[in-house]
Each structure stands twice: as C-alpha cells, then as structure tokens.
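Student: Structure, please.
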Amino acid sequence: MKNSKTIFLASIALTFMVCTSITAQENAPKFGIKGGVNFSNLYTDNVDDENVLTGFNIGLFAKLPISNSFAIQPEIYYSGKGAEVIYDNTLASGTARFKLNYIEVPVMLVANISKNFNIQAGPYVSYLINGKTTNESNDGSFNFEDNIDVNDFNRIDAGLAAGLGLDLGMISLGVRYNYGLVKVGKEKNYFGTNYTFPDAKNSVLSFYAAISFN
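Tutor: Residues are numbered from 1 along each chain as shown. Predicted coordinates:
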C-alpha cells in the first residue's frame, strides 16, 4: 500500500514539474476542465463473456506547447471504470459486476496535424479510490459481493492511452482509448486454491468535451 501511494504521488509531482518547466515557452499554455462518458471493460482470456459498463470522467487539464506542432498535456481527473463479467470456472459460475473509481493522471504528447485536429498518445497512472462488486452466482458456491471488497483490488492501475482531438477555440472534443497494463485483482487463496479475480486489465473508451479558461 505504501509503495502504491508513493508511485501515485510521484506521478502527480512529475505532472506539475512538467507544467512548471514548459510554461516558459513562447506559446501560451491552456488550462481548463474536461469531462465525458466512459465505456469500460476488462480484457482477459479467462472469462466467457464481457459486457461494457458505462461511467463518466471529469477533471482538469493543461495543454503546454513545446513548439507549433507539439504540446504536452498533463491531466488529473476522476474516472469510472469496470465491467460486467460472466464467468464459469472451478470456483463458481455466474455474473459479477465491478464498478471501480480512480483518480487518473495521464501525460499526453499532442501532435497538431492541422490547426484544429490533433492526435494524442502517452502513459497514464491511476489510483483506485473506491470500488463496488455485485454478484449473481448460478450455483451459490461463491459470492463475490460478500467476499471481495476494495482491498482485493490493486490500488494502482497504469497503462497506455491514445486518442484524437478537435480544437474549436475554447472548446475541444475528443475520443481516447486507455489500455491497462496492470491486473485489476490481487492474488488470493480460497480453500487452498490460489486465484486472481478479476484476472483482467482495464480497457476504457472515452468521449469527452473540454473548455479552456484562456
């Protein structure tokens, strides 16, 4: 837990260090708010089916030009992730729904293809602030709702993000995909059997709108 918090705080500190170092550039930086809708899922080879869960994201961003063609865009926002998973394994079968809420810090490299259109790519790191599990087991042998809570999930999520943006003056519109590289669940032991559930990683497609203050 201590290492997870250290990584998360270090990521935030790095974001603000980048902001401070780049604001000295001639091109004026932009600061603003952004928010939108998430369509999230968990990707894994060990479940029969996965269903998209709808959530939302909202937070702050800074767009810091490093040239006429490129900018660094650090952000910090709340992001709802998760999935509804139909499972069938040696422990149980049924349906589990995971709602996982993160504070997310991406640092995107923005390449301006034209005056109004850009592409974005970069890493992100997230810290799990809370999570909820609901469960419907077909055989009643294991109830994830009663046996799994927020402490059974990895607090840190990290991965890669890429997307497209459209700048219309003070308003921007965009779409972004986040590909998680960290398993959502921690390894546990149940009656002598080690398992990780959900043995999967986050996958999120986001649509957003942003408004700059300057």
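
Student: Any buried residues in whichever strand or helix holds Leu42, and which?
Tutor: For Leu42, the host element (DSSP states H and E) is strand 30-43. Neighbour counts over strand 30-43 (16 or more other Cβ atoms under 10 Å) mark Lys30, Gly32, Lys34, Gly36, Asn38, Ser40, Asn41, Leu42 as buried. C-beta: built from backbone N, CA, C; applies to glycine.

Student: Sort out which one of those lies nearest Val107 for me.
Tutor: Lys34 (14.6 Å; Cβ to Cβ).

Student: Now the closest one: closest residue in space that isn't a chain neighbour?
Tutor: Spatially, and ignoring its direct neighbours in sequence, Lys34 is nearest to Ala210 (3.7 Å; Cβ to Cβ, 6 or more residues apart in numbering).

Student: Just put the buried residues of strand 30-43 in JSON lines and tack on distance to Tyr177 and pLDDT.
Tutor: Below are the buried residues of strand 30-43 laid out as JSON lines (distance: Cβ to Cβ, whole Å; pLDDT from 0 to 100):
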{"residue": "Lys30", "distance to Tyr177": "23", "pLDDT": "91"}
{"residue": "Gly32", "distance to Tyr177": "22", "pLDDT": "96"}
{"residue": "Lys34", "distance to Tyr177": "16", "pLDDT": "97"}
{"residue": "Gly36", "distance to Tyr177": "13", "pLDDT": "97"}
{"residue": "Asn38", "distance to Tyr177": "11", "pLDDT": "97"}
{"residue": "Ser40", "distance to Tyr177": "11", "pLDDT": "92"}
{"residue": "Asn41", "distance to Tyr177": "11", "pLDDT": "89"}
{"residue": "Leu42", "distance to Tyr177": "14", "pLDDT": "83"}
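
Student: can I get those residues in JSON lines with distance to Lys183?
Tutor: Putting the buried residues of strand 30-43 into JSON lines (distance: Cβ to Cβ, whole Å) gives the following:
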{"residue": "Lys30", "distance to Lys183": "36"}
{"residue": "Gly32", "distance to Lys183": "33"}
{"residue": "Lys34", "distance to Lys183": "28"}
{"residue": "Gly36", "distance to Lys183": "26"}
{"residue": "Asn38", "distance to Lys183": "19"}
{"residue": "Ser40", "distance to Lys183": "15"}
{"residue": "Asn41", "distance to Lys183": "14"}
{"residue": "Leu42", "distance to Lys183": "10"}
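
Student: and stretch 110-118, how far out from the chain's middle?
Tutor: 24 Å (Cα atoms, centre = their mean, to the nearest Å).

Student: Give me the contact list for it.
Tutor: Residues outside stretch 110-118 that contact it (Cβ atoms under 8 Å, 6 or more residues apart in numbering): 63, 68-73, 119-120, 164-168.
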